[in-house]
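>>> Okay, here's the prediction I keep looking at, along with the sequence it came from:
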2 protein chains.
Amino acid sequence: MAHVGEVLVAYRERLLALRKDPRLEYVLIFKNHGVAAGASLEHPHSQLIATPILPELVAEELEGAVRYFRMKERCVWCDIVRQERRDGARLVLEEEGFVAVAPYASRFPYELCILPTVHRASFESLHADEVDALARLLREVIGRLARLFGDPPYNFALHTAPLRETDPEHFHWHLELMPKLTRLAGFELGTGFFINPTPPEDAARFLRQAERSPERAPA
Amino acid sequence: MAHVGEVLVAYRERLLALRKDPRLEYVLIFKNHGVAAGASLEHPHSQLIATPILPELVAEELEGAVRYFRMKERCVWCDIVRQERRDGARLVLEEEGFVAVAPYASRFPYELCILPTVHRASFESLHADEVDALARLLREVIGRLARLFGDPPYNFALHTAPLRETDPEHFHWHLELMPKLTRLAGFELGTGFFINPTPPEDAARFLRQAERSPERAPA
């Protein structure tokens, strides 16, 4: 656990440091685990790429969130957390202050979204006393995927507020975890739509039922 | 060649037949070749999925093309064909009425775009006397990829005008051919941006130099 926590603290410190560089608009932190998920080094590692422009997908997310906020005067991710906790069908796990859910209209089988239950725009705002709970949740979720699928390849990408986003109400950081259990093929590449054979409700149920793997979970 | 031509004619006939179904907005014809490209059957096959809505990527393409048309009063793909033939650096092959180019800002190494040199909105408008030239071009391009990479996995997707698009000036059919030589990973999934280590000018040059594979090319 301590190791995962240290990695999360490193993410935060790198984000805080890079924020000072005025050339940058965004910092993407991500992880490729396993060859099929594009990992090119064998030892566990995360990656960080800072860009002078806002990534397309983050810009689209932000745009949708701003539209939602104007309509409802509430953060869309806060509403998702509230709805998923009340409904329960897509809720996977909860740890003081964080939840893991199988998103409604998941693109990939067993896709997961991990987010703080209280509103936080940037990952950098992670408090020292929250690190443990987040590390526990992340490790547990990956451990359960490993239990179900035998250490599957996966990617995760941390979506945090753009560095220059000044309204703290619009974005709500979240980590998108995408196991690579199926392959993107001609249909996805030709349409931008995703065929996902596993409804998120099923994925969440199987993950809730998967007990903690006894061996050391990959992190 | 005859076989590839028959497949192209089958594409056209299916598109013409499905166009009559008023529930449909789009017909995507695509091919997954090789396990890494998501092929689930071993024998060569194409696939077709008709949708009651316009795929996101096609809608975006059309939107961009319409914007370009309003600005320039010309089809953007006609302009691309003209520019690539004049410039030559990204031109791969030409066959009476069709070209294969490595698109500017290619997303994938050796990504190719095959399109008619004269303006044609829909693939269904393919004339009987054009079938041979297109089949020859497609087979030759795939043969050269096989020569360079030893039968690589690939996807292709046929982008044709939406079934209900009434303005024949806006869309220009094209076939997007995407060899699977690298993997989409966390960066691509997190940003919507693509890292491509092979500039299209290099890909086009290598493909121009690749002589026709003597053995029967996979089609």
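It's in. Residues are numbered from 1 along each chain as shown, chains lettered A, B, ... in the order given.
>>> CA only for contacts and neighbour counts going forward, please
Noted.
>>> where does chain A have low pLDDT?
Along chain A, segments meeting pLDDT under 70 span A:1, A:212-219.
>>> which residues in chain A form strands?
A:26-33, A:47-51, A:91-95, A:98-101, A:112-116, A:154-159, A:174-179 (DSSP state E).
>>> Just checking: what are the partner strands of the fourth one?
Looking back up the chat, that one is strand A:98-101. The pairing partners recorded for strand A:98-101 under DSSP bridges are strand A:91-95 (antiparallel), strand A:112-116 (antiparallel).
>>> looking at those strands, which is buried most?
The highest mean neighbour count among the strands paired with strand A:98-101, using mean count of other C-alpha atoms under 10 Å in any protein chain shown, belongs to strand A:112-116: a mean of 25.
>>> Next, the angle strand A:174-179 makes with it.
When axes from the mean of the first three to the mean of the last three C-alpha atoms, to 10 degrees is applied, the directions of strand A:112-116 and strand A:174-179 differ by 160 degrees.
>>> residues making contact with strand A:112-116?
Strand A:112-116 has contacts (C-alpha atoms under 8 Å, 6 or more residues apart in numbering or on different chains) with A:97-103, A:138, A:172-178.
>>> So for A:C78, which of the strands of chain A sits nearest?
Proximity to A:C78 (C-alpha to C-alpha) singles out strand A:112-116 among these, at 8.8 Å.
>>> how big is the angle separating the closest one from strand A:154-159?
Using the same axes, to 10 degrees: strand A:112-116 against strand A:154-159 is 30 degrees.
>>> Give me the nearest residue to the residue nearest the centre of chain A, chain neighbours excluded.
Centroid check for chain A by C-alpha atoms, centre = their mean gives A:L175 as the closest residue, at 1.5 Å. Spatial nearest neighbour of A:L175, excluding adjacent residues (C-alpha to C-alpha, 6 or more residues apart in numbering or on different chains): A:L158 at 4.4 Å.
>>> just checking, A:P200 touches A:S106?
Yes - counting by C-alpha atoms under 8 Å, A:P200 does reach A:S106; the two are 6.3 Å apart.
>>> okay, those two: which has more neighbours?
A:P200 (26 against 20; other C-alpha atoms under 10 Å in any protein chain shown).
>>> Can you report how many residues neighbour the residue lying closest to the more buried one once chain neighbours are set aside?
Using C-alpha to C-alpha, 6+ apart and skipping residues adjacent in sequence, the residue nearest A:P200 is A:A102, 5.2 Å away. Neighbour count of A:A102, defined by other C-alpha under 10 Å: 29.
>>> same check, this time on A:T166
So A:T166, with other C-alpha under 10 Å, has 10 neighbours.
>>> Filter the contacts of strand A:112-116 down to the buried ones and express that as a PyMOL selection.
Typed into PyMOL, the line below selects the buried ones among the contacts of strand A:112-116, using 16 or more other C-alpha atoms under 10 Å in any protein chain shown:
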select buried, chain A and resi 98+99+100+101+102+103+138+172+173+174+175+176+177+178
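>>> so what's the nearest residue to A:L148 once chain neighbours are set aside up against?
Nearest residue to A:L148, sequence neighbours excluded (C-alpha to C-alpha, 6+ apart): A:A210, at 7.0 Å. Shown in contact with A:A210 (C-alpha under 8 Å, 6+ apart): A:144, A:147-148.
>>> try 10 Å
By C-alpha atoms under 10 Å, 6 or more residues apart in numbering or on different chains, the contact set of A:A210 is A:141, A:143-148, A:204.
>>> what does A:R12 give?
Neighbours of A:R12 in contact, by C-alpha under 10 Å, 6+ apart: A:6, A:122-127.
>>> Of these, grab the buried ones for PyMOL.
With 16+ other C-alpha under 10 Å as the criterion, this PyMOL line picks the buried residues out of the contacts of A:R12:
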select buried, chain A and resi 122+123+124
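>>> restrict the contacts of A:R12 to those near chain B?
Among the contacts of A:R12, no residue is within reach of chain B (C-alpha under 10 Å from any C-alpha of the partner chain).
>>> from the contacts of A:R12, which two are the most distant?
Taking C-alpha to C-alpha, no two of the contacts of A:R12 sit farther apart than A:E6 and A:S122, at 18.0 Å.
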